[in-house]
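K.L.:
quick one, fold the following:
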Amino acid sequence: MKMAIDLLIKNGVVITMDPDRRVLENCDVAIHDGKILEIAPHLEMEAEKTLDAGGCVVCPGLINGHSHVYQSMIEGLGYDMHFNPWNWRFLIPVVSKITPDNAQAGASLAALEMIRNGVTTISDHWYLHTDMENIYRVTEIFDQSGMRAQMVFGFLDETFAGVQRDADDMTMIQSQDLLINEARRFHDTWHGKKRTTVALGPGSTEDISESLMLKLVALSKELDINVSTHVAGWIEINSYTIRHFGERDLEHFNSLGLTGPRGVMFHAVWLSDREIEIMAKTGTKVVHCPVANAYLGYGISPISHMLSRGITIGLGTDGAASYTYDMLEVARTAGMLQKASKLDAEAVTAEQLFEMLTIGGAKVLGIDKEVGSLEKGKRADVIVVDFKQPHLLPVGRWLPKLVYSARGSDVIHTIVDGKVLMESRKVISMDEEKVMAQVMESREDLITRAGKETRDLLNMPWPKDGPAWRWLVDR
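P.N.:
Numbers count the residues shown, from 1 in each chain. Below you'll find the predicted structure:
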């Protein structure tokens, strides 16, 4: 008698990302009760649903290791800006006005886009506590969408060491006691619930006092969860930390106890050899955001050096500064930037890039025992990529073609925890039309409340010279 299972994926090229990195052609994947039951050719099983993956790649779901999903609401407003004008002239005046309804709309749009691009796990750094309900609304959206999420509860009790503390736009700055208490409450509510885990996250060394940083580290150790933060993203940050603390950015985080196996560093661009060695020796992990780093003119993270030192790296989109949730684009950009900047085609390989997208990202988030590879007994986070298209043919080796040629729009099925979230390019876990309508209405509300200069960003004339946003400054 044939065994009845929930889902059977037939006839695919299975890139397992298991310890042996097997690539299995004409292979089936059996899924039941949210787990991978079997990976083998010609499985004879009755299934509630069968997906034919002939001519397709079947692989682990992609992991977005760092994002700020509220920023999906503001893509297209400020652009061609370095970090400081982008942050202070564009980002802060808008996001300081965000309400729980805005947060929910932004998260819905981001979740929809990620599912359509084969992203099954998101790590979202939420520091925008203009209302403590915000992070709960966002987490509920990810839960309802079917995605797997690690929510990073952000900590900001000051900005630029207090310089901006009393500014009208600093609505996300909160007291130490409130942040610690709310972080504990959020952890107790969501950590380990369904597909959600919780981490703690300082904004950056410019956004949090040393006293709160130490309390945060103590809380993370008590709860045994990750501490995730932005480190050495822009070149000016090291001058700032040397001036205020007598050491570079990563060195300062290390002095305060944020490095180690539970430490996750976003961006990690402007690092010294000594700082890379600190991360290697402490087991600190990195999330590389190449598209956002390039867009903001941050620079290029030395990931090839980090990889040579055995540092675990995942990939992330960051927020509006990337204009994308296509993680295949992120991986391809990471590879191209390393090769071009090093004048070395071997600086990073397709295999290393795909590891960062999958099992590497899972290790960064501490969930690699559950996801990140297709193995018997692991949770069934799986995507199917359609290779029956001109830009993906002919195939020599499947993996480099996937990394260097495929796009998120080539993903036809997205599965998380054994549940089909998208089938044949149709998202079935969310109402696509409703999400898009709600986000347009919510965005208009947000822009109106943000004020005239934000509205002017939408109405700038075609620039005669230089970036368009300078018209706001020079007029």
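
K.L.:
now do the closest residue to residue 413 other than its chain neighbours, the pLDDT please.
P.N.:
Nearest residue to residue 413, sequence neighbours excluded (CB to CB, 6 or more residues apart in numbering): residue 384, at 4.0 Å. (Glycine included, C-beta is placed from N, CA and C.) Residue 384 is assigned 99 on the pLDDT scale.

K.L.:
ok, now residue 3?
P.N.:
For residue 3, the pLDDT comes out at 64.

K.L.:
could you do residue 458 as well?
P.N.:
81.

K.L.:
that older thread, the residue nearest to residue 413 in helix, strand or coil?
P.N.:
In three-state terms, and counting by DSSP: H, G, I helix; E, B strand; the rest coil, residue 384 is strand.

K.L.:
from what I see, it and residue 410 are in contact.
P.N.:
No. Using CB atoms under 8 Å, residue 384 makes no contact with residue 410, being 9.6 Å away.

K.L.:
ok, residue 346 - how many residues close by?
P.N.:
Residue neighbour count, defined by other CB atoms under 10 Å, stands at 9 for residue 346.

K.L.:
surely it is in a helix?
P.N.:
No. According to three-state DSSP, residue 346 belongs to no helix; its state is coil.

K.L.:
how much space between it and residue 304?
P.N.:
9 Å (CB to CB, to the nearest Å).

K.L.:
ok, now which ones touch residue 210?
P.N.:
Applying CB atoms under 8 Å, 6 or more residues apart in numbering to residue 210 gives the contacts 245, 256.

K.L.:
tell me the pLDDT of it.
P.N.:
For residue 210, pLDDT reads 92.

K.L.:
mind listing the strands in the stretch 51-200 of the chain by residue range?
P.N.:
With DSSP state E, counting those that start in this stretch as the criterion, the stretch 51-200 of the chain has strands at 56-60, 62-67, 119-126, 148-155, 196-202.

K.L.:
identify the residues contacting the second one?
P.N.:
In other words, strand 62-67. Residues outside strand 62-67 that contact it (CB under 8 Å, 6+ apart) are 110, 114, 117-125, 228, 264, 266, 287, 289, 314-319, 325, 327-328, 357-358, 361-362, 364-365, 371-372, 383.

K.L.:
among those residues, name the ones in helices.
P.N.:
Those of these mapping onto helices are 110, 114, 327, 328, 357, 361, 362, 364, 365, per DSSP state H.

K.L.:
pick the one among these closest to residue 442.
P.N.:
residue 110 (12.8 Å; CB to CB).

K.L.:
residue contacts, the closest residue to that closest one other than its chain neighbours?
P.N.:
Setting aside the residues directly before and after it, residue 110 is nearest to residue 69 in space (CB to CB, 6+ apart), at 3.8 Å. Applying CB under 8 Å, 6+ apart to residue 69 gives the contacts 106, 107, 110, 111, 122, 124, 138, 319.

K.L.:
sec struct for the nearest residue to residue 24 once chain neighbours are set aside, please.
P.N.:
Setting aside the residues directly before and after it, residue 24 is nearest to residue 14 in space (CB to CB, 6+ apart), at 4.4 Å. Assigned with three-state DSSP, residue 14 falls in the strand class.

K.L.:
need the pLDDT of residue 14.
P.N.:
Looking at residue 14, its pLDDT stands at 99.

K.L.:
got it, and residue 72?
P.N.:
88.

K.L.:
oh, and call the first residue 525 from now on, that's how I've got it
P.N.:
OK, 525 is where the count begins now, so the last one is residue 596.

K.L.:
and it, how many neighbours does it have?
P.N.:
Residue 596: 25 neighbours (other CB under 10 Å).

K.L.:
against residue 646, how distant is it?
P.N.:
12 Å.

K.L.:
which neighbours do the two have in common?
P.N.:
Counting by CB under 8 Å, 6+ apart, the shared contacts of residue 596 and residue 646 are residue 634.

K.L.:
any idea which of the strands of the stretch 575-724 of the chain is most buried?
P.N.:
Of those, the one with the most neighbours on average (mean count of other CB atoms under 10 Å) is strand 586-591, at a mean of 30.

K.L.:
where exactly do the strands run in the stretch 875-999 of the chain?
P.N.:
With strands called from DSSP E, counting those that start in this stretch, the stretch 875-999 of the chain shows them at 906-910, 935-940, 943-947, 950-951.

K.L.:
can I get those strands in a markdown table with distance to residue 958 and mean neighbour count?
P.N.:
Converted to a markdown table, the strands of the stretch 875-999 of the chain look like this (distance: least, CB to CB, whole Å; neighbours: other CB atoms under 10 Å):
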| stretch | distance to residue 958 | mean neighbour count |
| --- | --- | --- |
| strand 906-910 | 24 | 25 |
| strand 935-940 | 19 | 25 |
| strand 943-947 | 16 | 20 |
| strand 950-951 | 11 | 15 |
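
K.L.:
ok, which of those comes nearest residue 666?
P.N.:
The nearest among the strands of the stretch 875-999 of the chain, by CB to CB, is strand 935-940 at 10.3 Å.
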